[in-house]
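In: Need a 3D model of the following:
(2 chains)
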Amino acid sequence: MESLTEKKLESLALMATRLREDVIRMVSRAGSGHIAGSLDMADIFTAMYFHILNHDPKHPDWPDRDRLVLSNGHICPIQYAALAHAGYFPVKELDTLRKLGTRLQGHPHRGVLPGVETTSGPLGSGLSQAAGIALAARLDKKKHRVYCLTSDGEHNEGNYWEAVMFAGRNRLSNLTAIVDRNNIQIDGFTEEVMPLEPFADKYRAFNWYVLEIDGHNFEEIVAAVAEAKAIHEQPTVIVAHTIPGKGVDFMENDYLWHSKPFKPGEAEHALAELRTLRGKIKSEHQ
Amino acid sequence: MLNPDAKLNPHLFDDDAAQAPTRDGYGTGLVAAGEADPNVVALCADLTESTRVDAFAKKFPERFIELGVAEQNMATVAAGLGVSGKIPFISSYATFSPGRNWEQIRTTIAYNDANVKVAGHHAGISVGPDGATHQATEDIALMRAMPNMKVFVPCDAIEAHKATRAAAHIYGPIYLRFQREKTPVITTEDTPYVPGKAEVFWVPGKGTGARAPKSDVLIVACGALVYNALHAARELEEAKVGVTVLNMHSVKPLDERKLADLAKKAGAVVTVEEHQILGGLGGAVAEALARHAPVPIEFIGMHDTFGESGSPDELIVRYGMTSKDIVAAARRAIRRKKLL
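Out: You can find the predicted model right below:
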């Protein structure tokens, strides 16, 4: 991994803003899709695909690539945007999200779109697939890393905790889970729908190494992933505290934006805000 | 008469004919598959001995993965292994896998096209005293309705061994169905076994071409009840009824060509399975024959009801799956043909 220079930080921040803009355009054009989670994970997806992952977009099946497994498949607009800008497929194809015949299915489908490692959408089963991929890597004595991006809401699922138990028991140190701790789910705030706290303690009890970060701070994201690599006897979970709808003022922290479609004018308003943000990033780094 | 080309067990009808549960064939087949391919891995959910995975676990401890009582996790961990070049076999009782973990199998194995084999054990009502909670009678339907999934139902331990080995060779999701109880060994090593192709186990008599004896009824069976179907055929033959018995060991893909050809010749059909008619072998055969050869069909199996506790033999009687029941169904099917 290259070092995080001031210039690199600026390019990551600009890319994250670009991906947020693409998400707004894609979901607006499609008429449906999940916005809040897509926006709040933009910084983590940017850090992964443009700094952390050891991957080759021109050879998506390269056996030694790091794997990024998206468990909460409904935030795929942000993954699709990141994959396209990383070079897995043409950026223009982002316009086809959710349209008949598209490779950009409403929830990601392995095998049709390069860079998608597993089919996902139904919640709670990504971590166990990532654990299976990590276990296969260990059996094959491979060095690549497996990252599972998950949401806090899907921790309601029993299958999720089965996977937490399994990875802890098998000491899958090549597995890192990154949880989008944005505190919202469809029916409301996570602590009201089905409380998850004490969240980090639950992972510790299952023998995981736990890190907590600001999910919008690139230096913290990169440092946490580096620290996870140095842990040899445990899987690591990075609890990334994020702001749902991050980057667009009228969406931030409002759980209704989990999956609500845009009304006329709202997408334009959001894009205008992101343009302002882009200007701010440029002036901050000058 | 037994079809000589099928090279079946010549002592099949002896009182002391060899018996073995189909799950034993899975156990030996899994070890053989593991020997042939280092990518074969076995997963189990706290039922290692009763699903016969113990021999594999002992021989290849590094390739055996214990999940604990967690069938959903078993399916999804297997999906991860399956997309990483491994050939995972997941084993539990069929009521739990593919029962409890159906959605995980659908999304992460079938739709995801992960190379995972799902072995459902203790299928059918012959599980006996454990009762309906542990008697899978919907598993064929659950798996058959799923795109990209194949469904193999071996009739005895030898065929179970062959089916397991074949599943390891074929890329993609496959459901394998096994039973708990000892049942007669019907086939031999020399019995033809081609995945997806049905085999004729009983023919109406000697002679070919113009001298070929007439088939009055076709009995299509899968699983251990193939034995009862053969018994019924013998009884019917003594009563001068020409019978063909087809071992439909692959419910999906269904050998529609052979099925339609034999159904047209016989003009009447009986299906036999230890499973719900609805969505099971009976449903599959009816769907195919409605398109290719609409003839009267009688159905032996579970008629939209759950099982209950009892000895395996008592339950087979209680739910109408004995050879006598099959004979009666065959006579009904033949009568209906004459009414057409």
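In: Go through the lengthiest helix in chain B and flag the buried ones.
Out: In chain B, assigned by DSSP state H, the helix with the most residues is helix B:323-339. Within helix B:323-339, the residues that count as buried by 16 or more other C-beta atoms under 10 Å in any protein chain shown are B:323, B:325-331, B:333-334, B:337. Placement of C-beta: from N, CA and C, glycine included.
In: Strands along chain B, start to end?
Out: B:19-21, B:40-44, B:64-66, B:87-93, B:117-121, B:150-152, B:174-177, B:182-184, B:199-202, B:217-221, B:243-247, B:250-252, B:269-276, B:297-302 (DSSP state E).
In: so how far is the fourth one off the chain centroid?
Out: By that I understand strand B:87-93. Centroid displacement of strand B:87-93 relative to its chain, using C-alpha atoms, centre = their mean, to the nearest Å, is 17 Å.
In: tally of neighbours for A:Val239?
Out: For A:Val239, the neighbour count with other C-beta atoms under 10 Å in any protein chain shown is 20.
In: Redo the strands of chain B as TSV? Include mean neighbour count.
Out: Below are those laid out as TSV (neighbours: other C-beta atoms under 10 Å in any protein chain shown):
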stretch	mean neighbour count
strand B:19-21	18
strand B:40-44	25
strand B:64-66	19
strand B:87-93	28
strand B:117-121	29
strand B:150-152	25
strand B:174-177	28
strand B:182-184	20
strand B:199-202	22
strand B:217-221	31
strand B:243-247	27
strand B:250-252	23
strand B:269-276	29
strand B:297-302	24
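In: Now render these as JSON lines, adding mean pLDDT and distance to A:Asp187.
Out: As requested, the strands of chain B are exported to JSON lines (pLDDT from 0 to 100; distance: least, C-beta to C-beta, whole Å):
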{"stretch": "strand B:19-21", "mean pLDDT": "98", "distance to A:Asp187": "48"}
{"stretch": "strand B:40-44", "mean pLDDT": "98", "distance to A:Asp187": "34"}
{"stretch": "strand B:64-66", "mean pLDDT": "98", "distance to A:Asp187": "36"}
{"stretch": "strand B:87-93", "mean pLDDT": "98", "distance to A:Asp187": "33"}
{"stretch": "strand B:117-121", "mean pLDDT": "98", "distance to A:Asp187": "33"}
{"stretch": "strand B:150-152", "mean pLDDT": "98", "distance to A:Asp187": "38"}
{"stretch": "strand B:174-177", "mean pLDDT": "98", "distance to A:Asp187": "35"}
{"stretch": "strand B:182-184", "mean pLDDT": "97", "distance to A:Asp187": "50"}
{"stretch": "strand B:199-202", "mean pLDDT": "98", "distance to A:Asp187": "54"}
{"stretch": "strand B:217-221", "mean pLDDT": "98", "distance to A:Asp187": "49"}
{"stretch": "strand B:243-247", "mean pLDDT": "98", "distance to A:Asp187": "52"}
{"stretch": "strand B:250-252", "mean pLDDT": "98", "distance to A:Asp187": "39"}
{"stretch": "strand B:269-276", "mean pLDDT": "98", "distance to A:Asp187": "36"}
{"stretch": "strand B:297-302", "mean pLDDT": "98", "distance to A:Asp187": "39"}
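In: TSV for those, including distance to B:Ala167?
Out: Listed next are the strands of chain B as TSV, based on distance: least, C-beta to C-beta, whole Å:
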stretch	distance to B:Ala167
strand B:19-21	18
strand B:40-44	10
strand B:64-66	18
strand B:87-93	8
strand B:117-121	5
strand B:150-152	7
strand B:174-177	5
strand B:182-184	20
strand B:199-202	17
strand B:217-221	21
strand B:243-247	17
strand B:250-252	11
strand B:269-276	19
strand B:297-302	24
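In: Looking at those, spot the one closest to A:His85.
Out: With C-beta to C-beta, the closest approach to A:His85 among the strands of chain B belongs to strand B:87-93: 34.4 Å.
In: Which strands or helices does that closest one pack on?
Out: Packing contacts for strand B:87-93, counted by 3 or more C-beta pairs under 8 Å, 6 or more residues apart in numbering or on different chains; DSSP states H and E, involve helix B:22-36, strand B:40-44, helix B:71-82, strand B:117-121, helix B:157-169.
In: all helices for chain A, in order.
Out: Taking DSSP H, the helices of chain A run over residues A:6-30, A:36-40, A:42-47, A:76-86, A:126-139, A:158-169, A:190-193, A:199-205, A:218-229, A:266-284.
In: Reformat the ones you listed as JSON lines; add mean pLDDT, mean neighbour count and distance to B:Phe178.
Out: Converted to JSON lines, those look like this (pLDDT from 0 to 100; neighbours: other C-beta atoms under 10 Å in any protein chain shown; distance: least, C-beta to C-beta, whole Å):
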{"stretch": "helix A:6-30", "mean pLDDT": "96", "mean neighbour count": "20", "distance to B:Phe178": "45"}
{"stretch": "helix A:36-40", "mean pLDDT": "94", "mean neighbour count": "29", "distance to B:Phe178": "42"}
{"stretch": "helix A:42-47", "mean pLDDT": "98", "mean neighbour count": "27", "distance to B:Phe178": "44"}
{"stretch": "helix A:76-86", "mean pLDDT": "98", "mean neighbour count": "26", "distance to B:Phe178": "38"}
{"stretch": "helix A:126-139", "mean pLDDT": "98", "mean neighbour count": "28", "distance to B:Phe178": "23"}
{"stretch": "helix A:158-169", "mean pLDDT": "98", "mean neighbour count": "22", "distance to B:Phe178": "24"}
{"stretch": "helix A:190-193", "mean pLDDT": "96", "mean neighbour count": "15", "distance to B:Phe178": "41"}
{"stretch": "helix A:199-205", "mean pLDDT": "98", "mean neighbour count": "16", "distance to B:Phe178": "37"}
{"stretch": "helix A:218-229", "mean pLDDT": "98", "mean neighbour count": "18", "distance to B:Phe178": "42"}
{"stretch": "helix A:266-284", "mean pLDDT": "92", "mean neighbour count": "15", "distance to B:Phe178": "55"}
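In: Cool, thanks, talk later.
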